[in-house]
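Enquirer: What follows is a predicted structure for the sequence shown.
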Amino acid sequence: MEYMTEVRNFAIRSWFPGIAGEVGGIAAQAGMPAVIDADQYAQLAPEIDRSPAVAGWKRVMRSQQQLAWQKLQDSFAADREFWEGQLTEAEERNPGRLHYDPDFHVPESACEDIHLQPGGYCGDNLAGFVFYHGTRVFYQGDNDKDEIHEACVDDMRLPADGQVRKILDLGCSIGQCTTVLKERHPQAEVWGLDVALPMLRYAHMRASDMGVDVHFQQALAENMQHADDTFDAVLAYILFHEVPEHTFEPIVREMLRVLRPGGTLTVIDTPNSTMFPTPNWMWKVFDARYNCEPYSQAFGAFDFAALLEKVGFEDVSKETTNTFLLNTLATKPG
Ligand SMILES: C[S@@+](CC[C@H](N)C(=O)[O-])C[C@H]1O[C@@H](n2cnc3c(N)ncnc32)[C@H](O)[C@@H]1O
């Protein structure tokens, strides 16, 4: 895994600037400006795809991803009984904190092999173990102590009245923001919600081992099974670029419903509704076409802040971060 981390690190930090330059050169030769939109990118795509330099970079990026997942899956599957036992043992040791219905129906859209992880988030009981170690490679060593999740939580908008009694981490995966939320707000009841039970079981085991008292719940973001006006703050970190476009509005309406008046929303995700410089479109197209993120391009072209205003949020603002992500902040009128 250390080797795969270094390969990814090299491909992104050292190699990619040259690849972006190559794409910029192709755009300039076609008479296009330095900043282009999705349609212009689509016109250039055949020429870009013919570049051996670009093709080599994409091949390494994709193979690195496939190899990392494969190695991890093989390693955990070799001791399947032991690891599944760890999940069950945590549920027995720390009951009442993992909430799911055995008859819950997972929609097909949530079963894609996202980021090429075979079986995706839902397809294997051990997917949480694989995801935890695979994303350590993905974050190239920058998140070994949840530093990125800490930064997300620290960037959240909180209610102006200072009351934070109940917080929701939407699309929580293995609960890294969820545990940081509890550490930052020990007085609050903290819930992580996700559609994928393997992620939630791992999240529950991890939080139990850390001694952090949080709840994990299997549900759909578009149907959360919580009462109106329940949460003081909601965080959704990199959820939206992974869900189909037709679910954006139902999820946003549901977030508004479960927030109490004056409650706050923080959505941290890939940039959207923007003109992208060519290198960024390279990422989007790479992710959508070669890294199994089938919905990410639709999110990139979507005006998410406008949707928040349309459904009734107020004080909607966008803040760029020191990562490539965008924070969209909003408040429920109250
Ligand atoms: C990129 S991961 C989120 C990462 C996570 N927030 C973190 O802190 O690392 C996206 C998550 O969204 C979940 N998801 C996808 N569709 C969903 C839906 N309709 N409702 C709830 N969760 C969903 C997936 O199962 C996955 O765990």
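Expert: Nice, thanks for sending it over.
Enquirer: Just the CA trace of the helix or strand containing E319, in CSV.
Expert: Per DSSP states H and E: E319 is located in strand 314-320. What follows is strand 314-320 as a C-alpha-only set of coordinates in CSV (Å, rounded to 0.1, in the frame of the first residue of the first chain):
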residue,chain,number,x,y,z
GLU,A,314,-31.1,31.5,3.2
ASP,A,315,-27.6,33.1,3.5
VAL,A,316,-26.3,30.7,0.8
SER,A,317,-22.6,31.3,0.3
LYS,A,318,-19.7,29.5,-1.4
GLU,A,319,-16.2,29.3,-0.1
THR,A,320,-13.2,27.8,-1.8
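Enquirer: Name the next helix or strand following that strand along the chain.
Expert: Following strand 314-320 in sequence, per DSSP H and E, is strand 326-331.
Enquirer: quick check, that next one touching the ligand?
Expert: No - using C-beta under 6 Å from any ligand atom, strand 326-331 stays clear of the ligand, coming no nearer than 13.7 Å. (Glycine included, C-beta is placed from N, CA and C.)
Enquirer: quick check: mean pLDDT across that strand?
Expert: In this model, strand 326-331 has an average pLDDT of 96.
Enquirer: Backbone torsions only: list them for A236.
Expert: phi -130, psi 110 (degrees, to the nearest 10).
Enquirer: Would you quantify the distance from the closest residue to it other than its chain neighbours to F299?
Expert: Counting by C-beta to C-beta, 6 or more residues apart in numbering, A236 lies nearest to L170, which is 4.3 Å off, once chain neighbours are set aside. According to C-beta to C-beta, to the nearest Å, L170 stands 15 Å off from F299.
Enquirer: And for P118?
Expert: 24 Å.
Enquirer: One more: H204?
Expert: Distance from H204 to F299, counting by C-beta to C-beta: 29 Å.
Enquirer: likewise R13?
Expert: 25 Å.
Enquirer: out of the two, which sits in the more crowded spot?
Expert: F299 (24 against 10; other C-beta atoms under 10 Å).
Enquirer: Do I have it right that the more buried one meets V267?
Expert: No - using C-beta atoms under 8 Å, F299 is not in contact with V267; the gap is 10.8 Å.
Enquirer: Give the residues shared as contacts by the two.
Expert: F240 (C-beta atoms under 8 Å, 6 or more residues apart in numbering).
Enquirer: So what's the gap between the host helix or strand of F129 and the chain middle?
Expert: With elements taken from DSSP H and E, the one containing F129 is helix 127-138. Mean-position distance between helix 127-138 and its chain equals 13 Å (C-alpha atoms, centre = their mean, to the nearest Å).
Enquirer: Tell me if it is near the ligand.
Expert: No - no part of helix 127-138 sits near the ligand under the criterion C-beta under 6 Å from any ligand atom; the closest distance found is 7.0 Å.
Enquirer: CA-only coordinates of that helix in PDB, if you can.
Expert: This file holds the C-alpha atoms of helix 127-138, laid out as PDB (Å, rounded to 0.1, in the frame of the first residue of the first chain):
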ATOM      1  CA  ALA A 127     -16.100  -3.100   2.000                       C
ATOM      2  CA  GLY A 128     -15.500  -0.800   4.900                       C
ATOM      3  CA  PHE A 129     -12.100  -2.300   5.700                       C
ATOM      4  CA  VAL A 130     -11.200  -2.100   2.100                       C
ATOM      5  CA  PHE A 131     -12.400   1.400   1.800                       C
ATOM      6  CA  TYR A 132     -10.500   2.600   4.900                       C
ATOM      7  CA  HIS A 133      -7.200   1.300   3.600                       C
ATOM      8  CA  GLY A 134      -7.900   2.200   0.000                       C
ATOM      9  CA  THR A 135      -8.700   5.800   0.800                       C
ATOM     10  CA  ARG A 136      -5.500   6.100   2.700                       C
ATOM     11  CA  VAL A 137      -3.800   5.500  -0.600                       C
ATOM     12  CA  PHE A 138      -6.300   7.900  -2.300                       C
END
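Enquirer: For the helix or strand that that helix is followed by, what does the pLDDT average out to?
Expert: Proceeding N to C from helix 127-138, the next assigned helix or strand is helix 147-154, under DSSP H and E. For helix 147-154, mean pLDDT is 96.
Enquirer: swap in stretch 70-80?
Expert: Averaging pLDDT along stretch 70-80 gives 97.
Enquirer: Same check on stretch 226-236?
Expert: Stretch 226-236 comes out at a mean pLDDT of 98.
Enquirer: Buried ones in that stretch, by neighbour count?
Expert: Neighbour-count burial for stretch 226-236, with 16 or more other C-beta atoms under 10 Å as criterion, is recorded at 226, 230-236.
Enquirer: Tell me which of those fall in strands.
Expert: Per DSSP state E, strands hold the following members of the buried residues of stretch 226-236: 231-236.
Enquirer: Read off the pLDDT value for T278.
Expert: Note for T278: predicted pLDDT of 63.
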